[in-house]
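Chemist: below are the sequence and a predicted model for it; my questions follow.
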Amino acid sequence: MISPTVHKSDFRARGLTKSLGDAALPLANPDDLDPLIDAIGEARYVLLGEASHGTSEFYTWRTKLSKRLIIEKQFSFIGVEGDWPDCYRVNRFVKGYQNSGASAAEVLHAFDRWPTWMWANREIVALAEWLHEHNRGLPDEQKTGFYGLDVYSLWESMAAVVDYLEGVDPEFARMARNAYDCFEPFNEDVQEYARATALVPMSCQDETVRVLRELRSRAPEFSEDGREAYFNAEQNAIVTRGAELYYRTMVRGGPTSWNVRDHHMVDTLDRLMRHHGDRAKAIVWEHNTHVGDARFTDMARAGMVNVGQLVRQSHESEGVVLAGFATHHGTVIAGREWGAPMRRMEVPNARAGSVEDLVHLGTDGRDALFVFDGSDDGGIEGLDAPLDNRAIGVVYDPRAERYGNYVPTIVPRRYDALLFIDETRAVDPLHMPVRVSADEPETYPSGM
């Protein structure tokens, strides 16, 4: 069980501050990642977190590390906490497929479902353009892919399945369209569908399963029309089935919908690994709450599992490295509530006694890398007890820092490494304008 955390005034906290300062490795340029690259070794799974969905440095440092893994260790693809259909368009662009878009900015600007800034941002534009150039001239089997692991895209994935079938079997397409008509009364509103299934004993589960089962039964003949095209269609059918279940469980509350979502992301990751062959290696970009092993947070007590835990449990023998990210203060893009306009918000100084606060004090405000040695305290005396670890979602209220936004964490068990950026800035969204919090001066660009 995760117990209450320390306070800065405690003797233990003072000793831990010094231990963290002594253990901190520099983090200023890509070469400083060498200790982490060495620790990764021949691991086939490298999961990279983030403490928010709207912080530039989390994206840019993950890009620096991902580039090194792709070039030096031949990693096969990046899987992200994003929707499959949108991310597959990015995958087509980075692999140079025909009619895949003139530029990364054009492709990413099409991410138009809230929260758009997670992937429609200039930091991802730079990564996608680099992948496009890296893949140029390589045989298809050596090109690095970019895929979405998430489960949200119910209607988009249904449309993608029908579009694919229109080209290979119009009669099957009509059957799929008729099956998916089960969702028609809900006007592409997942909340309406979720509420309806809670009020009456109905669902469209059987329809989604029927389309997927029929598609899989025809796999040999459809695969002849293009292995990648069939894989994409099958994944969209899987997403449709998973999204229906996710939204149906979400309205009931509790940990079930979270677990459905994270199991879906791991299942998608496993499919991608099989698709890329026996020597495949995966990089995953998701929030710390998905990447960091849930067993070493208060999530476990709530009955929740996550991607990092499930990948460790299933693939430990193949090598799994989980890297978390943290910041002490700065700015972030988020919304005040779900669906609200994006804002640039201040991230206040970390809560006293949190891991971010103690690292900030121990390093005198320098960025730092920590690579843990696998022991209970990670090789840092005193780090084997829980500390608050900040977590900012797409919905954020800085005023809640006193009582929320932190996850009690045994840091060196939750992660294998931690990248700490003391002062961070908000990610640079493609979709404008960005509103600025009322208590912050108007300094962020509000137009293209």
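Modeler: Thanks, I have the structure now.

Chemist: determine the longest strand present in the chain.
Modeler: As assigned by DSSP state E, the longest strand anywhere in the chain is strand 320-334.

Chemist: next one: it to chain centre, how far?
Modeler: Centroid separation for strand 320-334 versus its chain: 12 Å, with C-alpha atoms, centre = their mean, to the nearest Å.

Chemist: ditto for stretch 421-430
Modeler: In terms of C-alpha atoms, centre = their mean, the centre of stretch 421-430 is set 17 Å apart from its chain centre.

Chemist: circling back: and the next element down the chain from the longest strand of the chain?
Modeler: Using DSSP states H and E, the helix or strand that follows strand 320-334 towards the C-terminus is strand 343-347.

Chemist: now do that next one: which elements does it pack against?
Modeler: Applying 3 or more C-beta pairs under 8 Å, 6 or more residues apart in numbering; DSSP states H and E, one finds that strand 343-347 makes contact with strand 320-334, strand 435-436. C-beta here means a position set from N, CA and C on the backbone, and glycine is covered the same way.

Chemist: export that strand to CSV, keeping only CA atoms.
Modeler: Extracted in CSV, the C-alpha atoms of strand 343-347 (Å, rounded to 0.1, in the frame of the first residue of the first chain):
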residue,chain,number,x,y,z
ARG,A,343,-4.9,27.4,-22.7
ARG,A,344,-1.3,28.1,-21.8
MET,A,345,-1.2,27.7,-18.1
GLU,A,346,1.4,28.3,-15.4
VAL,A,347,2.8,25.1,-13.7
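
Chemist: mean confidence score for the very next helix or strand once past it?
Modeler: Following strand 343-347 in sequence order, the next helix or strand is helix 355-362 (DSSP H and E). Averaging pLDDT along helix 355-362 gives 97.

Chemist: direction included, what does the next helix or strand after helix 355-362 pair against?
Modeler: Sequence-wise, the next helix or strand downstream of helix 355-362 (DSSP H and E) is strand 368-371. Paired strands of strand 368-371, with direction, are strand 25-26 (antiparallel), strand 417-424 (antiparallel) (DSSP bridges).

Chemist: using a markdown table, lay out these together with mean neighbour count and distance to R274.
Modeler: Converted to a markdown table, those look like this (neighbours: other C-beta atoms under 10 Å; distance: least, C-beta to C-beta, whole Å):
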| stretch | mean neighbour count | distance to R274 |
| --- | --- | --- |
| strand 25-26 | 14 | 36 |
| strand 417-424 | 23 | 27 |
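
Chemist: of all the ones you listed, which lies closest to V434?
Modeler: Of all the strands paired with strand 368-371, strand 417-424 sits nearest to V434, with 16.1 Å by C-beta to C-beta.

Chemist: residue contacts, G330?
Modeler: Going by C-beta atoms under 8 Å, 6 or more residues apart in numbering, G330 touches T55, E346, V347, E423, T424, R425, A426.

Chemist: what about the third one, distance to F58?
Modeler: Separation of V347 from F58 (C-beta to C-beta, to the nearest Å) stands at 12 Å.

Chemist: what do you get for the last one?
Modeler: Distance, A426 to F58, using C-beta to C-beta: 11 Å.

Chemist: helices along the stretch 51-200 of the chain, start to end?
Modeler: Taking DSSP state H, counting those that start in this stretch as the criterion, the stretch 51-200 of the chain carries its helices at 56-73, 84-94, 104-109, 122-135, 154-168, 170-180, 190-199.

Chemist: tell me how many other residues surround the closest residue to D357 other than its chain neighbours.
Modeler: The spatially closest residue to D357, leaving aside those adjacent along the chain, is A350, at 4.4 Å (C-beta to C-beta, 6 or more residues apart in numbering). Neighbourhood size, A350 [other C-beta atoms under 10 Å]: 25.

Chemist: E234 now?
Modeler: Going by other C-beta under 10 Å, the residues that sit close to E234 add up to 20.

Chemist: secondary structure element for it?
Modeler: Following DSSP H and E, one finds E234 within helix 227-250.

Chemist: now do the shared contacts for V347 and F58.
Modeler: Common contacts of V347 and F58 (C-beta under 8 Å, 6+ apart): S52, T424.

Chemist: roughly how far apart are the residue nearest to D357 and N389?
Modeler: Distance from A350 to N389, by C-beta to C-beta: 10 Å.

Chemist: shared neighbours of the two, anything?
Modeler: E356.

Chemist: how close does the residue nearest to F372 when sequence neighbours are not counted get to T327?
Modeler: With sequence-adjacent residues excluded and distances taken as C-beta to C-beta, 6+ apart, F372 is closest to G378, at 3.1 Å. Noted for G378: a distance of 20 Å to T327, by C-beta to C-beta.

Chemist: go on, F420?
Modeler: For F420, the distance to T327 equals 7 Å [C-beta to C-beta].

Chemist: quick check: which of the strands paired with strand 368-371 is nearest to A194?
Modeler: For A194, the closest of the strands paired with strand 368-371 is strand 417-424, at 34.5 Å, according to C-beta to C-beta.

Chemist: show me the contact partners of the closest one.
Modeler: Residues outside strand 417-424 that contact it (C-beta under 8 Å, 6+ apart) are 24, 27, 36, 39, 55-58, 61, 321-332, 347, 355-356, 359-360, 363, 365-372, 411.

Chemist: circling back to that earlier point, test my guess that the residue nearest to F372 contacts F370.
Modeler: Yes - using C-beta atoms under 8 Å, G378 is in contact with F370, at 7.3 Å.

Chemist: low-scoring pLDDT stretches of the stretch 201-350 of the chain, where are they?
Modeler: Scanning the stretch 201-350 of the chain for pLDDT under 70 picks out the ranges 201, 224-225.

Chemist: sorry, that was for the stretch 51-200 of the chain
Modeler: By pLDDT under 70, the low-scoring segments of the stretch 51-200 of the chain are 200.

Chemist: quick one, what contacts V94?
Modeler: Applying C-beta under 8 Å, 6+ apart to V94 gives the contacts A104, A128, L131, H132, N135, K143, T144, G145, F146.
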